[in-house]
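[1] Predicted model follows, preceded by the sequence.
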Number of protein chains: 4
Amino acid sequence: MASQYGNKLKVSLFGQSHSAAIGVVIDGLPAGLAVDLDELQRFLTRRAPGQGSHTTARREADVPEFLSGLVDGVTCGAPLAALIRNADVRSGDYDEIADIPRPSHADYTAQVKYQGFQDRAGGGHFSGRLTAPLCVAGGICLQLLRARGITVGAHIARIGSVEDRAYDPVAVSAEDFTRIAGHELPTLDEAASASMLAEIEAARVDNDSVGGVVECAVLGLPAGLGDPLFDGLDNRIARAIFGIPAVKGLEFGNGLVAAELRGSANNDAFYFDEAGAVRTRTNNSGGLNGGISNGMPLVLRVAFKPTPSIACEQESVNLRSGEPATLAIKGRHDPCIVPRAVPVVEAAAALALCDAFLEG
Amino acid sequence: MASQYGNKLKVSLFGQSHSAAIGVVIDGLPAGLAVDLDELQRFLTRRAPGQGSHTTARREADVPEFLSGLVDGVTCGAPLAALIRNADVRSGDYDEIADIPRPSHADYTAQVKYQGFQDRAGGGHFSGRLTAPLCVAGGICLQLLRARGITVGAHIARIGSVEDRAYDPVAVSAEDFTRIAGHELPTLDEAASASMLAEIEAARVDNDSVGGVVECAVLGLPAGLGDPLFDGLDNRIARAIFGIPAVKGLEFGNGLVAAELRGSANNDAFYFDEAGAVRTRTNNSGGLNGGISNGMPLVLRVAFKPTPSIACEQESVNLRSGEPATLAIKGRHDPCIVPRAVPVVEAAAALALCDAFLEG
Amino acid sequence: MASQYGNKLKVSLFGQSHSAAIGVVIDGLPAGLAVDLDELQRFLTRRAPGQGSHTTARREADVPEFLSGLVDGVTCGAPLAALIRNADVRSGDYDEIADIPRPSHADYTAQVKYQGFQDRAGGGHFSGRLTAPLCVAGGICLQLLRARGITVGAHIARIGSVEDRAYDPVAVSAEDFTRIAGHELPTLDEAASASMLAEIEAARVDNDSVGGVVECAVLGLPAGLGDPLFDGLDNRIARAIFGIPAVKGLEFGNGLVAAELRGSANNDAFYFDEAGAVRTRTNNSGGLNGGISNGMPLVLRVAFKPTPSIACEQESVNLRSGEPATLAIKGRHDPCIVPRAVPVVEAAAALALCDAFLEG
Amino acid sequence: MASQYGNKLKVSLFGQSHSAAIGVVIDGLPAGLAVDLDELQRFLTRRAPGQGSHTTARREADVPEFLSGLVDGVTCGAPLAALIRNADVRSGDYDEIADIPRPSHADYTAQVKYQGFQDRAGGGHFSGRLTAPLCVAGGICLQLLRARGITVGAHIARIGSVEDRAYDPVAVSAEDFTRIAGHELPTLDEAASASMLAEIEAARVDNDSVGGVVECAVLGLPAGLGDPLFDGLDNRIARAIFGIPAVKGLEFGNGLVAAELRGSANNDAFYFDEAGAVRTRTNNSGGLNGGISNGMPLVLRVAFKPTPSIACEQESVNLRSGEPATLAIKGRHDPCIVPRAVPVVEAAAALALCDAFLEG
């Protein structure tokens, strides 16, 4: 059930990088939700390739066709199915790597698991292209959440050695989201954006790639959402986030830093605000206690490794001949996937929250 | 379904800190597995409280009673159920905190979610005591894995400011596990152990607590285990690991560090070893590509916040009166839960791997 | 996941006929439900053995011990766990059948599936004793449903050749349930009860057994409960009902009879009653259209085969020697399990409805 | 999760009667299965409308387009997605029934559940058209099963008052399946077929419809497949079968007849056949003991009500005006859906068996 997510909202992704289409079936959306297809398209466009010097030259319009589940743009209670045709397919690019797995790609592990029957072209089902239907599902979830006063936003917190400033975990506001959502490199600090572009360009020139971190915040979550043990919001989000290719780390609140602190420094003191609502002075917990939202902003950070598809020569093996081999990846690849990963992190978080929300 | 884990191996935890018993039902274990109950008990003892200056004064023998699923110590295919009686219960300790939630505990979020019906005593179902039945399940999974040549080990990688050296991600061996498994503070570098004890003691003296990091490695995993997208070994492990109280971060391979690297530095080159097996020169991937094991050691790190139960005075609120309040937690609490978390991380990882293994 | 049931309300049964205990974990009950333990015990007593000439001589008090999930008799949101000790264990009774499977029992199929590791004593996990924890779960679900105005009742519709009259599918009332719930043989027509007792006694005298049918109705279900396709109330109930040993058939509404009718005779015409509520003139649909409740009584019938444990000599095989064999089952067995199955059918239906109800 | 089925093989159906397309995503098929698309099409054609006097005049080619999961006709391990365009859409036919629910249809229950947002045209997601993608999934499962020596067949056991003879539950053979698979009305007894056609024609002439029974058998099942309690083959098949519209009853083995028998008559005696295999003299159990296959043919019967769409005038209500109403359904409808249901029953059974088989 690898490609399905959710308890109450069941999302089923399908497709390979070069199959006829990729897509998604979403079962469990409440009836009566008006889906703003223009807004959804704008969200998908933030993820789509072909928008800047840092992205792959592969061009895909990424306009979903809705097959079912909507009547006049409103959910009807039946599963919503959408597909995106794979238009710009060049399988030939992958011929030479059929037997020589790309380092740190899933080529080798897929070969072992599927005994050679996997779709090799473009990474098959492991391709980052699967994040397009993930964003279709997540984009609809974002609309559902916003109708309930919950907003989700993310920015690039790091590219290589360049850091953006972090969200203020107590005072982060929706304005922090909207102000940068359309930017080529969405960062809170504009200077960071310029330095990051330079970092990416330097990697590109060297036929190399570079990693980064996306920070995501969720506002307006009511306290009491989530469950203990294995269905906490953190568990749910973790399961969704590690479904994004290239993710190697995940933190909530102050995350790894908490490990270096004492309780007196890490604990978030409770107080009543002027409106009588319970709030915390700090938000080292990232909005979660025991897996359940406490009414403060939910904050998480996701670490992405550099995309393993690089054009410089690498050591590998020829699985057919049993001989050592070298390869230099020729296809069209992003020197840095982090900018395009920003809406994907939002989508994955929205999926998890929506599922928890609908479970009640 | 908060307290259940697994697709094929279904683990169902139950109990509260001060209920009559805590326990676990495990459905899906193959018939014919001889469970070494002595070894399981030794494993549970590593987690049990009351063993050193750094642990709570609460004493629980933590000897499970097996109710079903075993015939003469061998699994019979029916669900295995085990319980642990809560012997040393002192609910009175928690009377005064009924209305004043402890900062960074689940007291407040549970109050909102369960509308006051939650079991308040000792954190109820959110208590770290639930890791005891988790370890019963995980301990059995460890035996099942070992029978298939897979071993799991962990050590304390950090307490507060003190770091242990990391596993060598390429050369980590089972000897690294067995050499330290019985230690009060299992570290690879003995000097680190002494410094960590000092760090914990300093926190204890200050009525404070301190956090840390556990690093875990899995050896002998065949390549090809795991699934794409949402059921990768990383997703599965993440869902289990975030089920452990106080976890705030999780990394695989070089984790957050990968975000700072270029692809040429981060990629793991493939080669054939003398036996003709495919291996990688480095192991920045932590043994996983596309969520599927590649035959190298699986390596993960888990960040624990300092336990929020501290005896120094803290700011909170009185939920009944609506007034500000202060509290100083009196009960029996570990100044550092990280040492006891080491086998819990092993257990959670074993659960996830066993489930993936049985799914095939 | 054989022994687990439910999407939102997860019920996990455990135990074997002669294990230390049998029991259940129920995850997903809402917090704040006051469980009337006396009423639950009365419900369990309706299923318990040892109450009449038609039941096994095995005596079990069947008083559950609650381990977790309740605080002062009220659900606290954590999983509810309960166990029933197996008091009257006589494994010796089963020694001689270890190698000779009892015809139409699960002895042989369990032997193949579990390769000889299954618990043979008393049918192990396949024993009808597992319906005791099923009734603990179902009994609590019945209380939860009743608090929402939904009542469930059942009667014996047939024993061998003797039929009771059926519920009036339009006018069946709660009074039909309460009037007979305590009876040794709950039938609508008292004369049927006497004839059934005679039928059972005749079978007992002949060292034989006899089958029967239980009819169940559910009142007060709001229209709109259930889901299309695979999660209709019929699908959900079917999955639960076929979890009861010895069930061989299940019908909703007029069931098999519908296959013989024309649409004009089978369709249920809609009308508004005096209160303006939508109702149907007839109820051949048994309260379900498209798997979703329509506000009319839900009616189902469950066919039980005669218990295969009979004392007269039968042909079988010796699996060890590979020779033909005969056996006469000696243990303590009901000549007719149908009377004790009445509350079990209610419990299974309640489980399914409760799960659908909590899913919303 | 209404429209999803399976534990290991996850089948997700989507579409409405008059949406752009209907389809299915199948997650969990093993890689390396060569799908014979011609054979699949022949199977789908058995279900397709427009083939005889007894079927609807709606014409749909029902040729699936495969979007993903196949590489050169062989499964690649990624989810298989297929869609069927809804070509012959006439929503206008349904305008007048928007407010007047058709008796014994899901119109009213869908209206309540989805608060008017449901897709009304042609019954929306509740339409029998959803059995087309179910047959795509089931047809592939049938091929997977056959590659393992398991064959599934079904015939019409009853239409209205006309009965076919039943399968011999001990001696039913694959030849019984192939001999009649292509027939307009697949019956074992050819005379029955003619009488059934007359029965259907008589109903059609009267603007009426008629119900029936489909009997299905599975050959070649190894003993030991299935699980106790809630995941027996019977539970699994039941959940799938009740997903077919119009099903009101389900029996295994001698089913309801067992309720009238004594154990001595109903029990199936074991013996060794000449090859030393364990078999039973009779097969009243229908191949299942304790939910697990015993190596004998699995036999089940499914009762279908007459299709509720009839052209004669019926009593209903106008939900908008709150007034009584009458309606005569005008669309294109089968006077008897049972002939087309034969492959659907095979498909549903295959789904359940395949899922159990892959779970191991």
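    Arrived safely, thanks for sending.

[2] can we go C-alpha only for contacts and neighbour counts from here?
    Fine.

[3] So stretch A:196-205, near chain B or not?
    Yes: using CA under 8 Å from any CA of the partner chain, stretch A:196-205 reaches chain B at residue A:203.

[4] Can you give the distance of that stretch from its chain's centre?
    22 Å (CA atoms, centre = their mean, to the nearest Å).

[5] looking only at pLDDT, what's the mean for that stretch?
    For stretch A:196-205, the mean pLDDT works out to 96.

[6] Likewise for stretch A:62-78?
    Throughout stretch A:62-78, pLDDT has a mean value of 96.

[7] Which positions in that stretch come out as buried?
    Residues A:62-64, A:66-71, A:74-78 are the ones in stretch A:62-78 that count as buried (16 or more other CA atoms under 10 Å in any protein chain shown).

[8] Next: stretch A:351-360.
    Applying 16+ other CA under 10 Å to stretch A:351-360 flags A:351, A:352, A:353, A:354, A:355, A:356, A:357, A:359 as buried.

[9] With stretch A:154-165 instead?
    By 16+ other CA under 10 Å, the buried positions in stretch A:154-165 come out as A:154, A:155, A:156, A:157, A:158, A:159, A:160, A:162, A:163, A:164.

[10] Doesn't the fifth one lie inside a helix?
    Put plainly, it is residue A:158. No: assessed with DSSP: H, G, I helix; E, B strand; the rest coil, residue A:158 is strand; it does not lie in a helix.

[11] For it, list the residues it contacts.
    By CA atoms under 8 Å, 6 or more residues apart in numbering or on different chains, the contact set of residue A:158 is A:164, A:196, A:212, A:213, A:214, B:259, B:260.

[12] Distance-wise, check it relative to chain D.
    The gap separating residue A:158 from chain D is 33 Å, by CA to the nearest CA, to the nearest Å.

[13] Now do that residue, the pLDDT please.
    As summarised for this prediction, residue A:158 has a pLDDT of 98.

[14] Dump the buried residues of stretch A:62-78 into a markdown table; add secondary structure and distance to residue B:20 as well.
    Formatted as a markdown table, the buried residues of stretch A:62-78 follow (DSSP: H, G, I helix; E, B strand; the rest coil; distance: CA to CA, whole Å):
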| residue | secondary structure | distance to residue B:20 |
| --- | --- | --- |
| A:62 | coil | 56 |
| A:63 | coil | 57 |
| A:64 | coil | 54 |
| A:66 | strand | 53 |
| A:67 | strand | 53 |
| A:68 | strand | 51 |
| A:69 | coil | 48 |
| A:70 | strand | 50 |
| A:71 | strand | 53 |
| A:74 | strand | 50 |
| A:75 | strand | 47 |
| A:76 | coil | 47 |
| A:77 | coil | 43 |
| A:78 | coil | 45 |
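
[15] Restricting to these, which residues neighbour chain D?
    Checking those against chain D by CA under 8 Å from any CA, the ones in range are A:66, A:67, A:68, A:69, A:71, A:74, A:75, A:76, A:77, A:78.

[16] Include distance to residue B:304 when you put those residues into CSV, please.
    Shown next, in CSV, are those (distance: CA to CA, whole Å):
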residue, distance to residue B:304
A:66, 44
A:67, 45
A:68, 45
A:69, 43
A:71, 48
A:74, 44
A:75, 42
A:76, 44
A:77, 42
A:78, 42
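
[17] OK, contacts around the residue of the stretch 251-360 of chain A found nearest chain C?
    Closest approach between the stretch 251-360 of chain A and chain C, counting by CA to the nearest CA: residue A:359, at 7.1 Å. Contact analysis of residue A:359 by CA under 8 Å, 6+ apart lists A:7, A:8, C:359.
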